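> below are the sequence and a predicted model; questions follow.
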Amino acid sequence: MAIEGANSAVMAVGMTFVIMTAGIDLSVGAILFLSTAAATELFVHGMPAAWAPLIAVLVGVILGAINGATVAYIAISPLIVTLATLNLYRGIGGHLTQFTTTFLPPQMQTLGTSTVGSVPTPIIVMVVVAVLGALLLRATVFGRYVQAIGSNPDAARELGLPVRSVLIGVYGISGLTAGLAGLIENGRLNALQPTVGLGEEFTVITAVVLGGTSLFGGKGSIFGSLLGVAILQMVADGLVLANLSPYIFDMLRASVLLAAVLAGTLQGRGLPLGWLGRRRRWGVMRV
């Protein structure tokens with residue numbers, strides 16, 4: 001996978017957890033922006049530069065946990081919550097930076113520009129996050145809770161599972177991966193640009209769904225999500241090589257997401273089969 005897709009792949013890991021609980025997080029692009037903006041602002045006001053990457057990740061976790069707590073305790077739809085925080089977080093980030101390009105200290109460029117041997121650091125971060133995410137999902141009690149809540153949240157509550165804590169956790173993980181992705185993307189650019197992360201949430205959601213994670217929850221795979229990111233990255237690179245309009249990628253991304261939603265609806269709810277069955281029964285009755 002190209003370095004350009006590493007930040008999307010990292011965020012796809014966190015998004016997989018969220019979607020597996022039948023949730024959604026539209027604010028990851030804004031968290032990517034605000035987490036780096038907050039750390040940069042603290043650096044400008046005297047915070048040691050060595051702390052900036054840690055602060056950026058912590059801010060990402062806190063912003064994600066706020067999303068999760070709102071969903072868990074106020075019982076507002078994740079779509080509405082994260083749509084609101086998308087604008088809230090980006091607005092706060094814009095206020096901090098005045099929507100101007102801000103150059104980053106070297107310590108905040110490391111994840112985007114350095115290498116370990118001949119391997120770019122973004123690729124290493126992506127692999128580590130993916131492996132840890134897969135282990136957390138498949139080999140821990142938390143991962144089993146995520147799948148159970150996504151499969152049947154009412155049954156999970158009746159069984160006494162910590163539904164609220166798990167929801168806060170998965171959105172916190174999404175925020176954490178967005179914060180890491182911000183360090184990768186902004187570090188690669190050597191600066192925090194006001195447009196960074198715009199529309200990134202749709203790429204990440206599309207990749208996760210394309211990789212086999214069900215929007216209805218309970219089913220998903222970290223490595224499937226990475227495969228979805230790789231496919232979208234290859235399509236984007238192909239469009240560039242073919243010298244085609246970049247807007248075609250937006251059209252393809254939207255089409256893939258819509259097709260995945262329709263397929264999941266048909267498979268998860270069985271609407272066409274039930275409708276055909278009723279038509280068949282009615283036909284027999286009329287005869």
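Perfect, thanks for sending it. Residues are numbered from 1 along each chain as shown.
> show the subsequent helix or strand relative to the host helix or strand of residue 72.
Assigned by DSSP states H and E, residue 72 belongs to helix 52-74. Once helix 52-74 ends, the next helix or strand along the chain (criterion: DSSP H and E) is helix 78-97.
> strands paired with the helix or strand following that next one, and their directions?
Along the chain past helix 78-97, the next helix or strand (assigned with DSSP H and E) turns out to be strand 102-103. Strands that pair with strand 102-103, judged by DSSP bridges, come out as strand 191-192 (antiparallel).
> contacts for the partner strand, please.
Contacts with strand 191-192, where a contact means CB atoms under 8 Å, 6 or more residues apart in numbering, come from 33, 36-37, 40, 97, 101-104, 186. Backbone N, C-alpha and C define where each C-beta goes, glycine included.
> for that strand, what does the pLDDT average out to?
Strand 191-192 shows a mean pLDDT of 88.
> can you check stretch 147-166 too?
What stretch 147-166 shows for mean pLDDT is 92.
> okay, how far is it across that stretch, tip to tip?
This stretch, stretch 147-166, spans 11 Å end to end (CA to CA, to the nearest Å).
> run through who's touching it.
With CB under 8 Å, 6+ apart, stretch 147-166 has contacts from 20-22, 72-73, 137, 142, 145-146, 167, 214, 216-220.
> in helices, which of those fall?
When the contacts of stretch 147-166 are checked against helices (DSSP state H), the matches are 20, 72-73, 137, 142, 145-146, 167.
> could I get those as a markdown table with neighbour count?
A markdown table is the format used below for the ones in helices among the contacts of stretch 147-166 (neighbours: other CB atoms under 10 Å):
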| residue | neighbour count |
| --- | --- |
| 20 | 26 |
| 72 | 22 |
| 73 | 11 |
| 137 | 20 |
| 142 | 16 |
| 145 | 20 |
| 146 | 27 |
| 167 | 26 |
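> quick one: the helices in the protein?
6-20, 28-44, 52-74, 78-97, 110-113, 121-138, 141-151, 153-158, 163-189, 200-210, 222-241, 247-269, 271-286.
> most packed of those helices?
helix 6-20 (a mean of 31; mean count of other CB atoms under 10 Å).
> who are the packing partners of that helix?
Judged by 3 or more CB pairs under 8 Å, 6 or more residues apart in numbering; DSSP states H and E, the packing partners of helix 6-20 are helix 28-44, helix 121-138, helix 141-151, helix 163-189, helix 200-210, helix 222-241.
> got the contact list for the fifth one?
In this structure, residues lying in contact with helix 200-210 by CB under 8 Å, 6+ apart are 7-9, 11-12, 15-16, 19, 24-29, 32, 86, 181, 215, 220, 225, 227-229, 231-232, 253-254, 256-257, 260-261, 264.
> show me the two of the contacts of strand 191-192 that sit farthest apart.
Greatest spacing in the contacts of strand 191-192, by CB to CB: 33 and 103 (15.5 Å).
> quick one, what contacts residue 246?
Per CB under 8 Å, 6+ apart, neighbours of residue 246: 239-240.
> recalculate using a threshold of 10 Å.
236, 239-240 (CB atoms under 10 Å, 6 or more residues apart in numbering).
> and the gap between it and residue 184?
The gap separating residue 246 from residue 184 is 21 Å, by CB to CB, to the nearest Å.
> same check on residue 68?
From residue 68 to residue 184 the distance is 23 Å (CB to CB).
> contacts only, for the nearest residue to residue 12 once chain neighbours are set aside.
Of all residues not flanking residue 12 in the chain, residue 225 sits nearest, at 4.2 Å (CB to CB, 6 or more residues apart in numbering). The contact partners of residue 225, taken as CB under 10 Å, 6+ apart, are 8-9, 11-17, 19, 130, 133-134, 204, 207-213.
> just residue 195 next, same as before
Applying CB under 10 Å, 6+ apart, the residues contacting residue 195 are 33, 99, 101.
> residue 92 is in contact with the second one, correct?
To tie it back to what came earlier, the one meant is residue 99. No: between residue 99 and residue 92 there is no contact under CB atoms under 10 Å: 11.7 Å.
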